[in-house]
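Visitor: Let me see the structure of the following:
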Amino acid sequence: MTWIVIGAIALVLVISVVGVYNKLITFKNRYQNGFAQIEVQLKRRYDLIPNLVETVKGYMAHERETLEAVIRARNEAASGLQRAANDPGDPDAIKNLASAEGVLGGAMGRLLALAEAYPDLKASENMKQLTEELTSTENKVSFARQAFNDAVTTYNTFRQSFPAVILAGTFGHVQDASLLEFDSAAIAEAPKVSFS
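Guide: Reported below is the predicted structural model:
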């Protein structure tokens, strides 16, 4: 009878450990998938930015410094995205991406604010289409970022809960994943890109 009780306890422990492991993997996969959705939308935005710069270049030739700042910020954000995509659980990579996105948002805001002073540019069909696509993409980035942050919160909460907190390190889950929070000081609000 003693061996049956010991065997039952061992079985319960094994099932519990397997359950913790499977949940950790499930929640990690969810936040990695959430980041992949952000990556898709950010790449789309990064692809639109050179088109926007080309569109405004002819109208804003003397604003070369602003245009170059947008391209530099875009390239830095794209590099940050690549580093974060390699390991969405790396807090430093996520922090660097958020910082680069803040710089890009500020540069885009300045560009769009300057574009307001050019009536011919505002009336351009190409500019209207690009700004509409950028606005749509910004909304998709926001939704994807919220889904990612929700998945990260679920993962972190489970990882920090008992008994997962005891077992997580053993299974290679040694640190919390980081939320992706864009610098609200650099991006006070989403750039208004309506040229109506």
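
Visitor: Setting the sequence-adjacent residues aside, check what's closest to the residue nearest the centre of the chain.
Guide: Among the residues of the chain, the smallest C-alpha distance to the mean C-alpha position (CA atoms, centre = their mean) belongs to residue 38, namely 4.7 Å. Here the nearest residue to residue 38 in space, its sequence neighbours aside, is residue 144; by CB to CB, 6 or more residues apart in numbering that works out to 4.4 Å. Every residue, glycine included, has its C-beta placed from N, CA and C.

Visitor: ok, how many other residues are close to the one you found?
Guide: One way to gauge burial is a neighbour count; for residue 144, by other CB atoms under 10 Å, it gives 20.

Visitor: before we move on, which element is it in?
Guide: With secondary structure defined by DSSP states H and E, residue 144 is part of helix 125-160.

Visitor: what comes up buried for that helix?
Guide: When burial is assessed from 16 or more other CB atoms under 10 Å, helix 125-160 yields the following buried residues: 127, 130-131, 133-134, 137-138, 140-141, 144-145, 147-149, 151-152, 154-156, 158-159.

Visitor: Which elements pack onto it?
Guide: Helix 125-160 is packed against helix 2-57, with contacts defined by 3 or more CB pairs under 8 Å, 6 or more residues apart in numbering; DSSP states H and E.

Visitor: what helices or strands is the helix it packs on leaning on?
Guide: Counting contacts by 3+ CB pairs under 8 Å, 6+ apart, the secondary-structure elements packed against helix 2-57 are helix 64-86, helix 91-115, helix 125-160, helix 164-167.

Visitor: On the pLDDT front, check residue 196 for me.
Guide: Reading off the per-residue confidence, residue 196 sits at a pLDDT of 42.

Visitor: Next: residue 37.
Guide: We note a pLDDT of 95 for residue 37 in this prediction.

Visitor: Now do the contacts for it.
Guide: 144, 147, 148 (CB atoms under 8 Å, 6 or more residues apart in numbering).

Visitor: can you put those in CSV and add distance to residue 94 and pLDDT?
Guide: Output for the contacts of residue 37, formatted as CSV (distance: CB to CB, whole Å; pLDDT from 0 to 100):
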residue, distance to residue 94, pLDDT
144, 14, 95
147, 15, 95
148, 9, 95
